[in-house]
Every structure is written in C-alpha cells, then in structure tokens.
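*Asks:* let me see the structure of the following:
(chains A and B)
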Amino acid sequence: AQKITQTQPGMFVQEKEAVTLDCTYDTSDPSYGLFWYKQPSSGEMIFLIYQGSYDQQNATEGRYSLNFQKARKSANLVISASQLGDSAMYFCAEFGNEKLTFGTGTRLTIIP
Amino acid sequence: DAMVIQNPRYQVTQFGKPVTLSCSQTLNHNVMYWYQQKSSQAPKLLFHYYDKDFNNEADTPDNFQSRRPNTSFCFLDIRSPGLGDAAMYLCATSDDRAENQPQHFGDGTRLSIL
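*Replies:* Next up, the predicted model:
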C-alpha cells in the first residue's frame, strides 16, 4: 500500500519569498505518478503539477516546480515568488494501484 | 470551459434521512471518483466508476452507494446518514486510470447532519 508523508502541518512565509513543501512517499509500484494539489478554504482541489516516476527532468508549471529525488522517494513542491493567493492547504498525492493516495497536507500561509 | 460540477454546494439533512449528491462533467472522461474529506484530513476515496464498471473501496461503509446513469453524471447516495458522515464530498474525473492522468475535481458538496 502507498503511504505519503508530509511532515510540515503548517508554514508561514513572507510574500515574494520562495517556499518548499516537503513530501516523501513509500510505494512498491514499479511505475507511479506524483501530484500536488492546492485546496483553498473554499474547498475545491486544484491540480498544480505532475511528475512521472520515469521522468528524468523535474516538472515545472509556471511558479511551481517539483524537486524529484527518486532514490530518496522525495517529491517536494517549490513555489517561487509566493503571493497572498498562495495561502491554502497543499496536498501531495501518489497514483498507484489505480488509486490516488493523499498525504495529510501542509497549510501554507503567506504573510504580507 | 470544460469542468466538473457538483450540486448542491451545501447540503443539510437530518440524521437517518437519505440524501443524494450529484456530480456532472463536460470533460467526457471515462473515470469518475467520489472522495470523502473530513475536517483537517486528507481526501479518502470511497469508490469510482471506470465507464460503467463500479469499483468500491474495501473500507467504504454499505451506507454509501453510487450510480452512474451515463458518462456525464454520477451520484452519491447516503442511505441513512449518521453524524459521522458530516464532511466535504468531492467528485473527480480522469480520462483513464493511468499514473500520468491528473484528476480534475469539482468544488465539492459540504454535507451537514442535524
């Protein structure tokens, strides 16, 4: 069974600074996908970025990048130049065995 | 814009009174998922449909059922809601059950039990 660990329950970051949200995973699947989702207080889950287990390069999507270290089973999300609108809950998730398993999330608060 | 739409946004029901939550999609995706998310917790998969094929998670209570009458719509039925069923219910879709397919979520239905 998959297990996703997010060790930072909450983070406070100054506006315009970069922030790294940690995620480690434990899976026996030979092929898997790693995802990050953002959940604002309104509740919707917003897909941010995807990394395939066989991808050689780290994924990037605008201000979001994924620092993928396969040997360490780590998939950290980096947000550059943080904005007030980045304040939300962030979930790391792994797709394997036909299902998406989420971590417990990190609540990010951006301070003006 | 293609999207996943959940209705209603907020639902209040009485203890033991059946309730149905709905989800529709314009993405024409094959897979539709239902998740339960309790306060300050991660979403938990209840079940999913791959086309017409229903896939239940082993730990989903019998109280929860689902219907998918066509590609666009999927319903979550709670037969006799208990206080512990108060949660956000999230519907998601994906084109396939592959590890490179992101799931697209609706805005969720927040269910309260009186």
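
*Asks:* please count neighbours and contacts with C-alpha atoms only from this point.
*Replies:* Noted.

*Asks:* burial count for the closest residue to chain A within chain B?
*Replies:* The minimum distance from chain B to chain A, using CA to the nearest CA, falls at residue B:107 (4.2 Å). Per other CA atoms under 10 Å in any protein chain shown, the neighbour tally for residue B:107 reads 23.

*Asks:* that one: what's it in contact with?
*Replies:* A:42, A:43, A:44, A:45, B:4, B:5, B:6, B:9, B:90 (CA atoms under 8 Å, 6 or more residues apart in numbering or on different chains).

*Asks:* quick one, what contacts the first one?
*Replies:* Contact partners of residue A:42, counting by CA under 8 Å, 6+ apart, are residue B:107.

*Asks:* got a pLDDT number for it?
*Replies:* On the pLDDT scale, residue A:42 is placed at 89.

*Asks:* who in chain A is up against chain B?
*Replies:* Residues of chain A lying close to chain B by CA under 8 Å from any CA of the partner chain are A:31-35, A:42-47, A:50-52, A:91, A:95-96, A:98-105.

*Asks:* weed out the non-buried ones from these.
*Replies:* The neighbour-count test (16 or more other CA atoms under 10 Å in any protein chain shown) marks A:32-35, A:43-47, A:50-52, A:91, A:95-96, A:99-105 as buried among the residues of chain A next to chain B.

*Asks:* stretch B:88-101 spans what distance, first to last residue?
*Replies:* 23 Å (CA to CA, to the nearest Å).

*Asks:* hmm, who's touching that stretch?
*Replies:* Applying CA under 8 Å, 6+ apart, the external contacts of stretch B:88-101 come out as A:31-34, A:43, A:50-52, A:95-96, A:98-99, B:4, B:6, B:23, B:25, B:28-39, B:43, B:50, B:102-111.
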